[in-house]
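[1] This is the structure alone, sequence omitted:
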């Protein structure tokens, strides 16, 4: 049996607390920015971007020291946004290989991808690394990728100083040479071991790899052997893959409470852009979006929007969310928000060569949203009959476009429409042999020419709302020869007549 070839790509993003906050705040990326951690007044800098570092800001500085630097944007650390950004990066890495091991640290994101055997899908390792790095940058994260046949070599190279190129490729057998110039800080070891190496004058991996193995074991035990193997790129690793769940979710904690809807939509647009980008990577569309707003006072405001068809049109989603939140505004200032999307398949319609152009479903969604804002959520949708013979018993369901539905009525076949009156109008009827003969409807006198019926319905004998109806379909003529096709109903319990519906 031959040993399976190994090849690993390590994705590393340093200053992750700052990058997780800047991912959904593109307006702050070109400014000096830092993240504070701790309780006031003992806050300290835990992460910062390159522009703030050039000004002289360093990690661990207190709030008083930071105030001496002008024009620096700062925000408190957000664990929730870091978790959301981490999930996004793991999801992105999962698009290249299902075998991913998470090795993230407190202030840095690090994952290793097993890319052995992916050459036919993504090309050579350098092409795969470039493609992975481009997708990560599209998500708003800056990082580097190191590729090696040794797991720990890829991790150490990714942690090392970043050269002008953010992609590092190590050919098989050249691990020790690639690691030689790296400092000892790229390895994980205890503070006592670091102090020991400092006393010995060991500062690089090349110097550590040159130490005699037996003498190193005699002084530091088996841990010394492990560190030497790490420095030479010879330590084997038992890969422990994880299976990240695919969840389209974005979270953001606002810098200050927001009361204006227009200001909130500016933030929603950035989050929608990320959701659509992630859905497109899996050839999916957004079927529904749920907005969860955390308000002052500890309450939440939740709204869900579902268009007729899944879509990735960002402007449509912003319009639908705007109309929905405008009709159902939150009752307090907004502290944070979360967008959760349900994925769906992209809609594709194959038209014939001479088929007329179909209407855009987006126009229908916006129209329904505007009507819903006027008449309420219960007044828009499609009517579904309930399991009863009682007239006018139905419920409203959200409108949806059926897939693969074919109309059973040919275009040339005549059809009639029934306009039901709600509520039904009381009328005066004269009968002959217990059949309607004449009636007065809306101050006009009609004579019955054709009559069909009666159809008797009744039920709910076990309830106080016992009902019984007698329905007639009539063709009547007014004194000016105007025809009226209608449906009369006689309430047998109250012995009264009503105009229930009109036929067109």
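    Structure received. No experiment lies behind these values; they were computed from the predicted model shown.
[2] From now on I want contacts and neighbour counts done on CA atoms only, so please keep to that.
    OK.
[3] and residue 376, how many residues sit next to it?
    Neighbours of residue 376 under the rule other C-alpha atoms under 10 Å: 13.
[4] Revised request: answer the last question for residue 496.
    13.
[5] what bits of this protein have low per-residue confidence?
    Residues of the chain that meet the criterion pLDDT under 70 lie in 1-4, 162-165, 347-362, 392, 399-415, 461.
[6] tell me the domain ranges of it?
    Annotated domains of the chain cover 8-232, 250-344, 418-503 [automatic domain parsing].
[7] which residues of the stretch 151-300 of the chain fall in strands?
    Ranges of strands in the stretch 151-300 of the chain, per DSSP state E, counting those that start in this stretch, are 167-169, 248-258, 285-295, 300-305.
[8] Out of those strands, the one nearest residue 201 is which?
    strand 167-169 (28.1 Å; C-alpha to C-alpha).
[9] Turn the domains of the chain into TSV, including distance to residue 244.
    TSV is the format used below for the domains of the chain (distance: least, C-alpha to C-alpha, whole Å):
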stretch	distance to residue 244
domain 8-232	7
domain 250-344	14
domain 418-503	53
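[10] for those, which one sits closest to residue 387?
    Once these are compared by C-alpha to C-alpha, domain 418-503 is nearest, at 12.4 Å.
[11] now that closest one: how far from the chain's centre is it?
    53 Å (C-alpha atoms, centre = their mean, to the nearest Å).
[12] distance between the ends of that domain?
    End-to-end distance for domain 418-503, by C-alpha to C-alpha, to the nearest Å: 5 Å.
[13] Stretch 175-191 too?
    The first and final residues of stretch 175-191 sit 26 Å from each other (C-alpha to C-alpha).
[14] Name the residues of that stretch that are buried.
    175, 176, 178, 179, 180, 182, 183, 184, 186, 187 (16 or more other C-alpha atoms under 10 Å).
[15] In contact with the fourth one, which residues?
    Pointing back at residue 179 there. 153, 156, 157, 205, 206, 231, 232, 233 (C-alpha atoms under 8 Å, 6 or more residues apart in numbering).
[16] Reformat these as TSV; add neighbour count and distance to residue 300.
    Formatted as TSV, those follow (neighbours: other C-alpha atoms under 10 Å; distance: C-alpha to C-alpha, whole Å):
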residue	neighbour count	distance to residue 300
153	26	47
156	24	44
157	26	45
205	26	53
206	21	56
231	31	52
232	23	54
233	27	52
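[17] now those residues in TSV, with distance to residue 450?
    Converted to TSV, those look like this (distance: C-alpha to C-alpha, whole Å):
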residue	distance to residue 450
153	93
156	92
157	92
205	102
206	105
231	100
232	101
233	97
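[18] Can you tell me which of the buried residues of stretch 175-191 is nearest residue 440?
    residue 186 (94.2 Å).
[19] ok now the longest helix belonging to the chain, how far from the chain's centre?
    The single longest helix within the chain, with elements called by DSSP state H, is helix 261-281. With C-alpha atoms, centre = their mean as the basis, helix 261-281 stands 9 Å off its chain's centre.
[20] Tell me which other helices or strands it touches.
    If you count contacts as 3 or more C-alpha pairs under 8 Å, 6 or more residues apart in numbering; DSSP states H and E, helix 261-281 packs onto strand 248-258, strand 285-295, helix 314-327, strand 334-344.
[21] Can you redo the ones you listed as CSV, where the extra columns are mean neighbour count and distance to residue 472?
    Putting the helices and strands packed on helix 261-281 into CSV (neighbours: other C-alpha atoms under 10 Å; distance: least, C-alpha to C-alpha, whole Å) gives the following:
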stretch, mean neighbour count, distance to residue 472
strand 248-258, 18, 55
strand 285-295, 20, 45
helix 314-327, 18, 42
strand 334-344, 20, 47
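[22] Kindly reformat the ones you listed as JSON lines containing distance to residue 303.
    Listed next are the helices and strands packed on helix 261-281 as JSON lines, based on distance: least, C-alpha to C-alpha, whole Å:
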{"stretch": "strand 248-258", "distance to residue 303": "15"}
{"stretch": "strand 285-295", "distance to residue 303": "5"}
{"stretch": "helix 314-327", "distance to residue 303": "8"}
{"stretch": "strand 334-344", "distance to residue 303": "10"}
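[23] Out of those, flag the one nearest residue 307.
    Using C-alpha to C-alpha, the nearest of the helices and strands packed on helix 261-281 to residue 307 is strand 285-295, at 6.9 Å.
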